[in-house]
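Participant: With the input below, show me the fold.
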Amino acid sequence: MDKTKSHRRAPPAPSGASSASTPPTSDGPGGFRKNESFLKALFDGITEEIMVLDKDGFIQDVNEVFLRECGFKKEDVIGQRCYDIRGLRGIHCHVSSPFCPLQKAIETGERVEIAHGYDSDDDRGIALTRLMYPVSASEGAPT
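Facilitator: Here you go, the predicted model:
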């Protein structure tokens, strides 16, 4: 009885296609730079303010709507804690606050929505809904 194992190779990917283990790196059709441009256009084209945070509440990125609405420059907010930037806008919070969705999203690994209000300088009040979507770079804990 032959005890050698048969090793089957996957057929080569069609020309211009990339395998899941090899990320696209060219500018050609479906290449990384094209995908990166698309994702940036998508990120900045969303009409809601978006702040991308790490698990400790440090801002990793913000979209153009956030910058325009808040009156900040990107280089002034990247690397800052989210609650420090919110405090500059008169919306005081902290990651330990029951209105902060960050810790709950990390704990549950699920989307979190928290609605609440703040007093404003003109006594009209500000209604705010915070959404948090945990995202991980790979399978496992949110990053």
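Participant: For the longest helix along the chain, the averaged confidence score.
Facilitator: Determined from DSSP state H, the single longest helix within the chain is helix 32-45. The pLDDT scores in helix 32-45 average 85.
Participant: What helices and strands are in contact with the least confident helix or strand in the chain by mean pLDDT?
Facilitator: One helix or strand of the chain scores below all others by mean pLDDT, DSSP states H and E: helix 82-88, with a mean of 76. Under the contact criterion of 3 or more CB pairs under 8 Å, 6 or more residues apart in numbering; DSSP states H and E, helix 82-88 touches strand 51-53. All C-beta atoms are positioned from the backbone trio N, CA, C, and that covers glycine.
Participant: so where do the helices sit in the chain?
Facilitator: So, for the chain - with DSSP H - the helices run 32-45, 64-70, 74-77, 82-88, 102-108.
Participant: which residues sit against the fourth one?
Facilitator: So the one you mean is helix 82-88. Helix 82-88 is contacted by residues 51, 53, 57-59, 70, 72, 77, 92-95, 100, 102 when judged by CB atoms under 8 Å, 6 or more residues apart in numbering.
Participant: which of those are buried?
Facilitator: By neighbour count, with 16 or more other CB atoms under 10 Å, the contacts of helix 82-88 hold 51, 53, 57, 59, 70, 72, 77, 93, 95, 100, 102 as buried.
Participant: Include distance to Asp44 and pLDDT when you put those into CSV, please.
Facilitator: Formatted as CSV, the buried ones among the contacts of helix 82-88 follow (distance: CB to CB, whole Å; pLDDT from 0 to 100):
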residue, distance to Asp44, pLDDT
Met51, 13, 90
Leu53, 18, 91
Gly57, 22, 88
Ile59, 16, 93
Cys70, 14, 85
Phe72, 15, 91
Val77, 15, 94
Cys93, 25, 70
Val95, 26, 70
Cys100, 25, 79
Leu102, 23, 87
